[in-house]
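Enquirer: model this:
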Amino acid sequence: MKVPFVKNTSKLGIDIGRVISVTDSDHGKGDLVSKILRNRISEQCINSVKFLVNLFGRENTFIVSKCGSKMQRASVAMLGLNDFYNRTGLDPKNVYFCFRRSGTTEYLNFKELRVPHYAKTSKQLQGFGKNGAKVTDNRDVGKGAIALKLKLTHLIDDRDDCLISFYKEGYLSKLENPEKKGALIHFGPRAYYIDDKVMKKMWYRCDGNAHNEAWANVLNLFK
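Expert: Model prediction:
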């Protein structure tokens, strides 16, 4: 295994936009809600997340995504439409959203997502309710604050600023020798190696011209 990992201790966060979904859930042209609802998650992604859930444990594998309210609800409906929870084993209540990539770490609590009007089928409704996805009640917190609250040690994300928040504002920065306990996994065609002398020790590049190629590179880190 090329990354630090401790069974029953390591905790993983996975982004949605351009990681699980090929559609960016944060910004872009056109009607993003319609785009993400039409998204079909690749078999490579499903199989990769299933492997990671089995490795980290269902209770230690999370989705951590930053987007606006409409896209939060659409993302959860999209996961349900793809039967994501049943196919991967990821627990629907381990899905967390925030409104910023980075921010304060104070006053963080979570609340249930409101069910969108278009979610009517059992699949669309899978990830909602008291045992479903949650969103931060403080709009000024980012992914680092969620990582701190949940004690996450690993993150797979396509954005460098989210990975930096995950480390600097999160749980990893509180640990001694964090490079031996966690990993910042930069995903997708824009992935690069960071120059920061501390973070570069735990920064892993999983690039690839194709979405499936990037996921294959992620799996190689954990085998």
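Enquirer: got the buried residues for stretch 99-110?
Expert: Within stretch 99-110, the residues that count as buried by 16 or more other Cβ atoms under 10 Å are F99, R100, R101, S102, G103, T105, L108, F110. Glycine gets a C-beta too; all of them are placed from N, C-alpha and C.
Enquirer: end-to-end on it?
Expert: One end of stretch 99-110 sits 12 Å from the other (Cα to Cα, to the nearest Å).
Enquirer: Please list the outside residues in contact with it.
Expert: 66-68, 96, 134-146, 148-149, 159, 161-162, 164-165, 168-169 (Cβ atoms under 8 Å, 6 or more residues apart in numbering).
Enquirer: switch the cut-off to 10 Å
Expert: Stretch 99-110 is contacted by residues 26, 66-69, 72, 96-98, 133-149, 157, 159-166, 168-170 when judged by Cβ atoms under 10 Å, 6 or more residues apart in numbering.
Enquirer: mind checking the SS state of G80?
Expert: Classification of G80 using DSSP: H, G, I helix; E, B strand; the rest coil returns helix.
Enquirer: what about it, distance to T88?
Expert: Per Cβ to Cβ, to the nearest Å, G80 is found 12 Å from T88.
Enquirer: Looking at these two, which one has more neighbours?
Expert: More neighbours surround T88 than the other of G80 and T88, with 25 against 22 (other Cβ atoms under 10 Å).
Enquirer: from memory the more buried one sits against F56, does it?
Expert: No. Using Cβ atoms under 10 Å, T88 is not in contact with F56; the gap is 11.8 Å.
Enquirer: any idea which element R205 lies in?
Expert: R205 belongs to strand 203-206 when elements are defined using DSSP states H and E.
Enquirer: Which positions in the next helix or strand after that strand come out as buried?
Expert: Remark: after strand 203-206, the chain's next helix or strand is helix 211-221, criterion DSSP H and E. The neighbour-count check on helix 211-221 (16+ other Cβ under 10 Å) flags H211, N212, A214, W215, N217, V218, L221 as buried.
Enquirer: Stretch 60-73 now?
Expert: The neighbour-count check on stretch 60-73 (16+ other Cβ under 10 Å) flags N60, T61, F62, I63, V64, S65, K66, C67, M71, Q72, R73 as buried.
Enquirer: Please name every helix or strand in contact with the lowest-mean-pLDDT helix or strand in the chain.
Expert: Within the chain, judged by mean pLDDT, DSSP states H and E, the helix or strand with the poorest mean is helix 32-37; its value is a mean of 81. If you count contacts as 3 or more Cβ pairs under 10 Å, 6 or more residues apart in numbering; DSSP states H and E, helix 32-37 packs onto helix 69-81.
Enquirer: got the contact list for the helix or strand that comes right after the helix it packs on?
Expert: Using DSSP H and E, the helix or strand that follows helix 69-81 in sequence is helix 84-88. Residues from elsewhere that reach helix 84-88 (Cβ under 10 Å, 6+ apart): 14, 20, 41, 43, 45-54, 58, 61, 63, 76, 78-80, 82, 90-95, 123, 126-127, 132.
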